[in-house]
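Peer 1: Just to be clear, the model below is a prediction. Sequence and coordinates:
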Amino acid sequence: MTDILDILQQDYQRFPVNQTYSIYAPDVYFQDPVFKFRGIKLYKLMIQFIHTFFLNAKMELHNIQRQGDIIKSEWTLNWTSPLPWQPRISISGWSELSLNPEGLIISHRDYWHSSQFDVVKQHFFSVKSR
């Protein structure tokens, strides 16, 4: 069986396509500065939204570590906004994933190094992507 850290590293490289949803519990809890919900169905919908509306989305993984039943990763998400001037948006942050005794992710919490307002500002004060 492939180690969960290997699976997550591969998912980060492919993000937001072909994610490995089988590593998540059916009632997984998700929270970031914008959304908070429970359930794998909503999690899949959120990833599909990103895939559909975030143009050229790329997730750069800086670090990932496991300590017991907690996995922490540091990353930067970049995408081109679908606005007419196509600003390139960037959010750096970290995730904390909690595992149940079966090794499934039961909680996925994302934290950003910037505020929601800082992210919105990038849409208007960013250099146009190419």
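Peer 2: Sure thing, it's come through. Note that the structure is predicted; figures quoted are calculated from it, not measured.
Peer 1: can you map out the helices along this structure?
Peer 2: Applying DSSP state H to the chain gives helices spanning 4-14, 40-53, 116-122.
Peer 1: any chance of the ones you listed in JSON lines, with mean neighbour count and distance to residue 64 too?
Peer 2: Every C-beta, even on glycine, is put in place using the N, C-alpha and C of the backbone. Formatted as JSON lines, the helices of the chain follow (neighbours: other C-beta atoms under 10 Å; distance: least, C-beta to C-beta, whole Å):
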{"stretch": "helix 4-14", "mean neighbour count": "15", "distance to residue 64": "6"}
{"stretch": "helix 40-53", "mean neighbour count": "14", "distance to residue 64": "18"}
{"stretch": "helix 116-122", "mean neighbour count": "12", "distance to residue 64": "23"}
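Peer 1: Confidence-wise, which of the ones you listed is weakest overall?
Peer 2: Lowest mean pLDDT of the helices of the chain: helix 116-122, a mean of 85.
Peer 1: Other residues contacting that helix?
Peer 2: 33, 34, 87, 89, 90, 91, 112 (C-beta atoms under 8 Å, 6 or more residues apart in numbering).
Peer 1: Kindly list the main-chain dihedrals of the second one?
Peer 2: Read that as residue 34. With angles defined as degrees, to the nearest 10, residue 34 sits at phi -110, psi -40.
Peer 1: With adjacent residues omitted, what lies nearest to it?
Peer 2: Once flanking residues are discounted, residue 34 sits nearest to residue 116: 6.7 Å by C-beta to C-beta, 6 or more residues apart in numbering.
Peer 1: neighbouring contacts of stretch 34-48?
Peer 2: By C-beta under 8 Å, 6+ apart, stretch 34-48 touches 16, 19, 21, 24, 25, 26, 27, 28, 29, 30, 108, 116.
Peer 1: likewise stretch 55-63?
Peer 2: Contacts of stretch 55-63 (C-beta under 8 Å, 6+ apart): 9, 12-13, 15-16, 50-51, 72-82, 86, 129.
Peer 1: what is the mean pLDDT for that stretch?
Peer 2: 96.
Peer 1: Mind exporting the C-alpha coordinates of that stretch to CSV?
Peer 2: What follows is stretch 55-63, C-alpha atoms only, in CSV (Å, rounded to 0.1, in the frame of the first residue of the first chain):
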residue,chain,number,x,y,z
LEU,A,55,-7.5,29.0,-14.8
ASN,A,56,-4.1,27.3,-14.9
ALA,A,57,-4.3,26.4,-11.3
LYS,A,58,-1.1,25.1,-9.8
MET,A,59,-0.3,23.9,-6.3
GLU,A,60,3.3,24.1,-5.2
LEU,A,61,4.1,21.9,-2.2
HIS,A,62,6.9,23.3,-0.1
ASN,A,63,6.9,20.8,2.8
